[in-house]
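Undergrad: missing the sequence, but the structure's below:
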């Protein structure tokens, strides 16, 4: 049988092993603290900065969204207002067009009645002129016929008496018409 002695030991607790374990524990703790100071704190700071940046971006995005929604609502309101104004302008234009149409029709009727009135007056003047010409013509024809009849059968004294009698019968009213 093989007996293990202290010299041939597999695992033995001796002061050197305890010292090495203590030395390695302290070294690991110092390395951990150094790593924590050098690595973990900057990483934590980077993560916190990133977290703050993300939160700030989210807040700005929410504000931008709220601003965009308010601008959209304002824009929609303005569009509705513009539609109302456009409809009002069109309505006013239609009213003005109808009013102008009525004015033009009224002016045309007035002008037409003036033209008709002027044409009637002109026709009446022409009728009077033709009537006067016809009277003149009748007088000249009657005079020519009377002259032929009188020359043949009436003496100059009888002729003067007939002219005087005719003038008295006709009077001034006959010549005025």
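TA: Arrived safely. The model shown is predicted, which means the values in this text are computed figures rather than measured ones. Numbering: from 1, shown residues only.
Undergrad: mind picking out the helix or strand in the protein with the poorest mean pLDDT?
TA: helix 156-176 (a mean of 70; mean pLDDT, DSSP states H and E).
Undergrad: can you give me the helices for this protein?
TA: In the chain, helices defined by DSSP state H lie at 15-35, 41-153, 156-176, listed in chain order.
Undergrad: could the ones you listed be laid out in CSV, adding mean neighbour count?
TA: For every residue, glycine as well, the C-beta is placed using N, CA and C. Written out in CSV, the entries for the helices of the chain read as follows (neighbours: other C-beta atoms under 10 Å):
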stretch, mean neighbour count
helix 15-35, 10
helix 41-153, 10
helix 156-176, 10
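Undergrad: which stretch in the ones you listed is the model least sure about?
TA: For the helices of the chain, mean pLDDT drops lowest on helix 156-176, to a mean of 70.
Undergrad: residue nearest the centroid of this structure?
TA: In the chain, the residue lying closest to the centroid (C-alpha atoms, centre = their mean) is residue 86, at 4.5 Å.
Undergrad: that one: what's it in contact with?
TA: For residue 86, no contacting residues are found, by C-beta atoms under 8 Å, 6 or more residues apart in numbering.
Undergrad: all further residue positions should be reported with the first residue as 564.
TA: Sure thing, new numbering starts at 564, so read that last one as residue 649.
Undergrad: could you measure from residue 723 over to residue 702?
TA: Here the criterion is C-beta to C-beta, to the nearest Å. By it, residue 723 lies 18 Å from residue 702.
Undergrad: oh sorry, the question was meant for residue 683
TA: In this structure, residue 683 lies at 28 Å from residue 702, with C-beta to C-beta as the measure.
Undergrad: just residue 649 next, same as before
TA: Relative to residue 702, residue 649 is positioned 78 Å away (criterion: C-beta to C-beta).
Undergrad: next one: residue 655
TA: 69 Å.
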